[in-house]
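**Student:** Here is a sequence with its predicted model. Questions after.
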Amino acid sequence: MMVDAGLQYVRIGEFAWSSYEPGRGRFTWEWLDRVVDILADAGLEIILGTPTATPPTWLAIERPEILGVGPDGRRRAYGSRRHTCPAPPYREESARIVELLVERYGSHQAITAWQVDNEPGNHDSARCWCDRCQEAFIAWLASRFDTIGELNEAWGTAFWSQTYPSFGAVRLPIPTMTAHNPALLLAHRRFASQRAVAALTEQYDIIRHGSPGRDITTNVYLGDLDVDAHALAALGGISSFDNYPHGKSGPMDTAFTLDLATGAAGRAWVMEQQPGPINWTPTNPPVPPNQVRVWAWQAALHGIERLLFFRWRAARHGQEQYHSGLLRHDGTPDRGFDEVHQLATELAGFSIRPDKSVALLYSYEDAWALEIDPHRAGLRHADLVLAAYTAARRLGFEVDVVAPNGRLSGYDLVVAPALHLVTAERIASIDSALRAGTTVVLGPRSLMKDAEDAWWPHPTPAHLTERLGSRVVESLSQTMDVTVGATPAGPWTDVLSEGGEVLARYGGGTYLDGAPAAVRNGPLVYFGASSEAAWLDLLAHLTGAAPHPAHLEVFSEQIIDHAALQVSDRR
Amino acid sequence: MMVDAGLQYVRIGEFAWSSYEPGRGRFTWEWLDRVVDILADAGLEIILGTPTATPPTWLAIERPEILGVGPDGRRRAYGSRRHTCPAPPYREESARIVELLVERYGSHQAITAWQVDNEPGNHDSARCWCDRCQEAFIAWLASRFDTIGELNEAWGTAFWSQTYPSFGAVRLPIPTMTAHNPALLLAHRRFASQRAVAALTEQYDIIRHGSPGRDITTNVYLGDLDVDAHALAALGGISSFDNYPHGKSGPMDTAFTLDLATGAAGRAWVMEQQPGPINWTPTNPPVPPNQVRVWAWQAALHGIERLLFFRWRAARHGQEQYHSGLLRHDGTPDRGFDEVHQLATELAGFSIRPDKSVALLYSYEDAWALEIDPHRAGLRHADLVLAAYTAARRLGFEVDVVAPNGRLSGYDLVVAPALHLVTAERIASIDSALRAGTTVVLGPRSLMKDAEDAWWPHPTPAHLTERLGSRVVESLSQTMDVTVGATPAGPWTDVLSEGGEVLARYGGGTYLDGAPAAVRNGPLVYFGASSEAAWLDLLAHLTGAAPHPAHLEVFSEQIIDHAALQVSDRR
Amino acid sequence: MMVDAGLQYVRIGEFAWSSYEPGRGRFTWEWLDRVVDILADAGLEIILGTPTATPPTWLAIERPEILGVGPDGRRRAYGSRRHTCPAPPYREESARIVELLVERYGSHQAITAWQVDNEPGNHDSARCWCDRCQEAFIAWLASRFDTIGELNEAWGTAFWSQTYPSFGAVRLPIPTMTAHNPALLLAHRRFASQRAVAALTEQYDIIRHGSPGRDITTNVYLGDLDVDAHALAALGGISSFDNYPHGKSGPMDTAFTLDLATGAAGRAWVMEQQPGPINWTPTNPPVPPNQVRVWAWQAALHGIERLLFFRWRAARHGQEQYHSGLLRHDGTPDRGFDEVHQLATELAGFSIRPDKSVALLYSYEDAWALEIDPHRAGLRHADLVLAAYTAARRLGFEVDVVAPNGRLSGYDLVVAPALHLVTAERIASIDSALRAGTTVVLGPRSLMKDAEDAWWPHPTPAHLTERLGSRVVESLSQTMDVTVGATPAGPWTDVLSEGGEVLARYGGGTYLDGAPAAVRNGPLVYFGASSEAAWLDLLAHLTGAAPHPAHLEVFSEQIIDHAALQVSDRR
């Protein structure tokens, strides 16, 4: 049936540990051998998953130290998934099972790729509060700072008298009377993400050695923030991810996710494509006919290399019974199956590598810092970024969503809607782009905090005020009806000082009337507003492009009409 | 004053343990003797409560193991109520005090009935996470499944690799990274409910032996789901319950509760009738004049045998000070007192046993399964059931709300708005009704999961698709403006395949336009929509009855106008 | 810069413990010596804070028993502030550091005042659940009641069978199945507040002895309820507090806070005045030009003696980075700086001691009782009080917000909008006012519970029904559209019996139509309604005064127009 549907790749085994090792050292590989052979005989390529997202219950009982510990001090219960601790005990067990998998299947011809783990960080699982992780955090800090005095200085622990007498005095953040120092929380996010990546690296190394020539990747849910997906994508050079449009705010958010994935590595795979209704959003709405086809087209046009559906058949058991598959629970084809069949024909041989003239800068570190201290509840890095992305996309630009440390000089336009933290690499990167004449637009709150999340001690945007000829004089949580021209400015606004060329001013009848909202000086632009509409006005002004209707997504060769659920040729 | 008000029955003692046993083996029965004699001398019948809903603090200190343990692993604190564990230690103490009560009062002529415990399961109290309950759960599972392999198979624990190596590996569900397997959660609900019933059975046995000839019953809050009230009602053949209309969504919900109670056993008593404003709803609104009288009339017309008010006098102390009584805190008659006086005359000798032609099927197991995995937040078994009940009631039918396993062939119409789980008894029950020519209407999600909450492996409604000539092809969480005819279809809709006689089709301008919403084949009807209005249309079509206005409740002899707070003769 | 801005006072050191004692017995006073000398040389007066709101981490590690324990049984984590336990260990450490501070700086001429601790009770920090506090609570109860029987009687613990066999059986309230006895909760609030005050008293004594002639005060956030601010103000005769208008519901709420502060002691200082946007409200809105100036004027006109801004410079590090200062993070003057400069001129020599003819009674005990058992979620003592306060203020009265036990006969009018509990002192106080001919107006729920939060056993308002010639017959959580005249009555209404002179009746078309809403008998008035508008009507009727527009705040010599952000002379 898979072949009939036109499928080429099958991912298997990502949660199957207890099925082939039901007790320590007791293996029942035969069923998996058979599955692999059946798929191979049918001409399907297999992506074999390592099962470390779901350790078996016997292992959790035998070695409870593999279970993570929550901020409440309790060991995480088995019974669902991702209840693991990233410390050596679980890494040992992970290495053991992956070595056995590689030994048995590493040279099978049909296995052309490996998936390491699944959705690391999902369910906020990357952070563990066990004693081993506490010790590792201290060691990590000691490697990052020369002395505890240096840490105290950088974090400003003297505030509220919380100076640490030694590295050993730093505690993983558990609930306290009021907020923790944001510097501690940011360090914890960095540590946990790096530690998760390091743990997975061990699996990559085992597979690389034992199953040479295969692709290796890790599937992530882009939207989770616990683990830096850029770092994960770098491990194998393939950015794999879930594409669940119903978990996103709309087609532009899905588009953004696709561009975030393709921007993270040279190759990008959709490892899980929604094939119909899903089970984990607030409403889990219906999926009309043709929608699955449009989602697949959208992914293809954004440059996705492979697209797999999750799942083949709806599960009769467990927590995801309301998640549809290409087949129904009873094994009969569901609507998605028929659309996949059509897609297999339509997309046969289709391959596109869009040429993108606009770069949008995205970094997990900024997302962490803004989540930790958002000025007011609800300010999200994701919203700041999506507003600017949508504006660019509606103007017809195909957008490269990239980390802010790379080479930026090849783009016509660089948009940095939420470049919050200051690092030397970022400054250098922007500097080289500006020197190449590339227009660089910074959004509100840009370059405002140092790398330890302390407010920049000089005027902001850091290092760029002279070049800009202007500075931020107020960073506001906006509750007034402030506009830029006639357009609402959005909930977060930076007010600029006079200087440079003022491209736009605030209006709306408040005390901000007439204050600079956007300032340009040569190729450098600082934009203080945050709404999608304000970004649209600004980018239209800067580029001369005219906006398309909100329901259309325009590519070089095609247009997707998301309202009508149609894909059409551009001309 | 009670006699003057026209009262006949008095319930006493349900929370009085510490008042007659202030320390182990130290008894102060005299005050209770006196109360009993005073009431007896006044000619009042006494319902004597066993005090096990509220163990005294001295007992909790002496034997902390009688206290339940929460999912957080902490022993429940004393200081309120229902903080007990259903394991042997508390059962021993319960038996001890009940034996003493029965010994002292069991043959008193005025004590004509016993109430065992009070509101079991209230405050989600039936589930305990202590070590004894953990062991008992394992033993219960081992009695339900022959092998752990059978359990693993039935629950599909291989999903997410959570196969249990032994019964001993199954843990009571504590918070985990994401959801637990619904099969585990359903088993836990069943276990806890059965265990609560078993614990109370011991008290029934003691009373039956020591106080023969008396009625025995247990008061429940219908709305709580922790303990199966059908099983409780079966213990003594009397269904006793709280009637707090302000805790319900409206008069029809109150009517449903009354019919659920009368349907649960041969006799039904309102053990606690709201006598004025109460203290535990979100708003605790005022109660206008005449309202208490209408509530009592409503109960009487639904076939309630006895009706007691809670409480006689508003309490000066403790957690329920804002709960009104027939008397005020200061002992003066409150408005409820006067209405009760009038009621005593009006209802003297009134007794009705309504003859009900419509059966509505209701089961706690379905409620648990839908609460555990509701497709989307907010889908409640109670809402699905109430929509259909209200429709039937507005068409003038008096409705028997009954468990789905009984004899159904005596009814003209059987409505099963949320018969979620498949069991052999249910199928047999429906089958016999259909063979008797009784029209059986199944609502959305009917017969869709097996008894362990796994999706049925064949087309649904299970066992009935051939007879129906149709099957469910989509079970949707509906977020579109879908209608049945001109009527909104409701938030949950099942789409049927063509076949049988299509009674109604979906409309409203979505991709569902024209798809079958209701299919009939002989006496069997499947209805995919869930709104009250859609049920009203369907049942009107099936029965030819016309709806009454929403504020009227029509009985064979009387009409209650809930809007005008009046009771009137029908003709 | 401070002197240039016109500042006179500087508060320092309130969170500086770890900066001058970075390890036990290791002191680095030199920096503080230097700060003190610099400020002194500039002619500034110093308020030196004791640092006990923020114990250093080394101390928490060395003596973990200084950390408070939450209701979850876990020791509170260090890393933020106010994580202390009020038991002897932390008191010892507090005394030690305060003695050292006093020894070093107590006779410095520039140090003219001390601040003891900071914001006690903030973050709900006054209640600790450690074993020492458990024991202290028992001892406190044993000192309050002669026998456990007396406590049981007063608290009505027989309700739900929770009679205590001994004082030792009383537990600090941890989460339980449903609510705790309100009497236990009220006792816990009283105990915790008194214990916090007792702990701080030790610091006052040390300072009084070692730094004679200096003012001593404690800064509180008025809005916190954990510690009785009246008792705190009494310690040093100076009521110091935070003035954060953005944390209040509007200018009238700010005005109320100012009058609560001035009413609490002979002298009142704003220790922290908002100098621009802050960081801890839900939205943290912008602060327009001139607003800081208006806030300072408002404080001055309410009789504030000193006003200090928090903070001098916005903090680069830690949890309050978005809290503005007079200087920006980079040290440049922010807008507040310039307004302070103007204020220094405008307010030079300004001093006012308003002569207030209206007293409004306010007590923390009532606030606790209403918070513990609010009849319905959302009934807040603060709202009841603010409605009446605002009405009085809009009629042009300057209002003394005072504790209900003082001499009231000097006022023209006494308003008691939420005098919930009955005590002999309160009754005597009201009695003397009435005998002096002062009009006393009681609001809904007045004198309804005894001192242990049990409902009064006789008609209410307790002790006053005969004098009133009327009683409360219903205390309603109002969900109907009830009016007093044409004015909405508000969410909580007491219905009175006929008697006395009925000043107003309920209307609006419900069963309450025509029932007395306000009754007068001589100088005593009971008012059953709770909305600001209803209070405005009543007080206007009683006094003959006419209301000013809502945006104006009228003082004897000045008017503040809050809408236009202007201060103007009255004539």
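**Tutor:** Great, that's in hand. Numbers count the residues shown, from 1 in each chain, chains lettered A, B, ... in the order given.
**Student:** Please, where are all the helices along the stretch 451-571 of chain A?
**Tutor:** Taking DSSP state H, counting those that start in this stretch as the criterion, the stretch 451-571 of chain A contains helices spanning A:465-468, A:532-543.
**Student:** Would you mind confirming that residue A:12 makes contact with residue A:50?
**Tutor:** No - counting by CB atoms under 8 Å, residue A:12 stays clear of residue A:50, with 11.5 Å between them. (Each C-beta comes from the backbone N, C-alpha and C, glycine too.)
**Student:** more crowded one of these two?
**Tutor:** residue A:50 (26 against 18; other CB atoms under 10 Å in any protein chain shown).
**Student:** Would you agree the more buried one is in contact with residue A:15?
**Tutor:** No - counting by CB under 8 Å, residue A:50 stays clear of residue A:15, with 10.4 Å between them.
**Student:** contacting residues around the spatially most central residue of chain A?
**Tutor:** Centrality entry for chain A: nearest residue to the mean C-alpha point is residue A:222, 3.5 Å, by CA atoms, centre = their mean. By CB atoms under 8 Å, 6 or more residues apart in numbering or on different chains, the contact set of residue A:222 is A:229, A:241, A:242, A:257, A:260, A:261.
**Student:** And for residue A:486?
**Tutor:** Contacts of residue A:486 (CB under 8 Å, 6+ apart): residue A:507.
**Student:** same question, residue A:282
**Tutor:** Applying CB under 8 Å, 6+ apart to residue A:282 gives the contacts B:376, B:377.
**Student:** part of a helix, is it?
**Tutor:** No - checked against DSSP: H, G, I helix; E, B strand; the rest coil, residue A:282 lies outside a helix; its state is coil.
**Student:** List phi and psi for it.
**Tutor:** Here is the backbone geometry of residue A:282 (degrees, to the nearest 10): phi -60, psi -30.
**Student:** what's the answer for residue A:402, then?
**Tutor:** Per degrees, to the nearest 10, the backbone of residue A:402 is at phi -130, psi 160.
**Student:** Near the residue of the stretch 251-400 of chain A found nearest chain B, how many other residues are there?
**Tutor:** Proximity of the stretch 251-400 of chain A to chain B (CB to the nearest CB) peaks at residue A:317, 2.1 Å away. Counted with other CB under 10 Å, the neighbours of residue A:317 add up to 24.
**Student:** out of the helices of the stretch 451-571 of chain A, nearest to chain C?
**Tutor:** Of all the helices of the stretch 451-571 of chain A, helix A:465-468 comes closest under CB to the nearest CB, at 10.1 Å.
**Student:** Figure out how far that closest one is from the centre of its chain.
**Tutor:** Counting by CA atoms, centre = their mean, to the nearest Å, helix A:465-468 is centred 32 Å from the centre of its parent chain.
**Student:** Stretch A:126-142 now?
**Tutor:** Using CA atoms, centre = their mean, the offset of stretch A:126-142 from its chain centre is 24 Å.
**Student:** What's the mean pLDDT across that stretch?
**Tutor:** Stretch A:126-142 carries an average pLDDT of 98.
**Student:** do stretch A:295-307 as well
**Tutor:** Stretch A:295-307 comes out at a mean pLDDT of 96.
**Student:** Spell out whether that stretch and chain B are in contact.
**Tutor:** No - if you take CB under 8 Å from any CB of the partner chain as the test, stretch A:295-307 misses chain B, and the best it gets is 15.6 Å.
**Student:** Could you list the buried residues of that stretch?
**Tutor:** Under the neighbour-count criterion of 16 or more other CB atoms under 10 Å in any protein chain shown, stretch A:295-307 has A:295-307 buried.
**Student:** Now render those as TSV, adding distance to chain C.
**Tutor:** Output for the buried residues of stretch A:295-307, formatted as TSV (distance: CB to the nearest CB, whole Å):
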residue	distance to chain C
A:295	37
A:296	42
A:297	41
A:298	36
A:299	38
A:300	43
A:301	40
A:302	37
A:303	39
A:304	40
A:305	43
A:306	44
A:307	42
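**Student:** how about stretch A:136-147: buried residues?
**Tutor:** Of the residues in stretch A:136-147, A:136, A:137, A:138, A:140, A:141, A:142, A:145 count as buried by neighbour count, 16+ other CB under 10 Å.
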